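Just need the structure, nothing else, for what follows:
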Amino acid sequence: MRSRQIPDEVRRFVTAGIPSIPYMEALLILKARPALPWDAPQLAQRLYVSEPAAAGLLAELQAAGVADGAPGAGYRYAAALELAAMLDKVEHCYTTHLVEMTALIHDKSDHRARQFADAFRFKKT
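Predicted structure coming up:
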């Protein structure tokens, strides 16, 4: 089901750039307090994930141009203006249409998992 409440540009961005719910939540945490540095232990505690998973999320956010920092020094929100404008739209949709947005993120993840699993299926020839 495709929600009309999520603009196509947000849908495309989420599909291409938001790999998981923890990634989305980490992004929003950094965005909420851009001056506050976050390290893996703090983020792990906040998201209920392992420290290595949180460190991976921070590295992914940095690679995507959303955060800037380094292990030990902490990471801060640092999206460029154009990206920040899109992230504002994504945040608005996520906070106002949580079910639809999480379904969009999960459906994409589930699709990738199915593709991976299907690669190991035996097919009759």
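
can you pull out the helices in the protein?
Secondary structure of the chain by DSSP state H: the helices cover 8-17, 21-32, 40-47, 51-63, 81-96, 98-118.

Can you give me the neighbour number for the residue nearest to residue 78 when sequence neighbours are not counted?
Counting by Cβ to Cβ, 6 or more residues apart in numbering, residue 78 lies nearest to residue 68, which is 3.7 Å off, once chain neighbours are set aside. In this view, the C-beta of every residue, glycine as well, is placed from N, C-alpha and C. With neighbours defined by other Cβ atoms under 10 Å, the count for residue 68 comes to 16.

Tell me the bridge partners for residue 68.
Judged by DSSP bridges, the bridge partners of residue 68 are residue 76.

distance of it from residue 61?
Distance of residue 68 to residue 61, computed by Cβ to Cβ, to the nearest Å: 9 Å.

ok, now residue 106?
Counting by Cβ to Cβ, the gap from residue 106 to residue 61 is 20 Å.

Those two: which is more packed in?
Neighbours per residue (other Cβ under 10 Å) separate residue 106 from residue 61, with residue 61 holding more: 25 against 12.

check contacts around the residue nearest to that one when sequence neighbours are not counted.
Excluding the flanking residues, the one nearest residue 61 by Cβ to Cβ, 6+ apart is residue 67, at 4.0 Å. Neighbour list for residue 67: 30, 58, 61, 75-78 [criterion: Cβ atoms under 8 Å, 6 or more residues apart in numbering].
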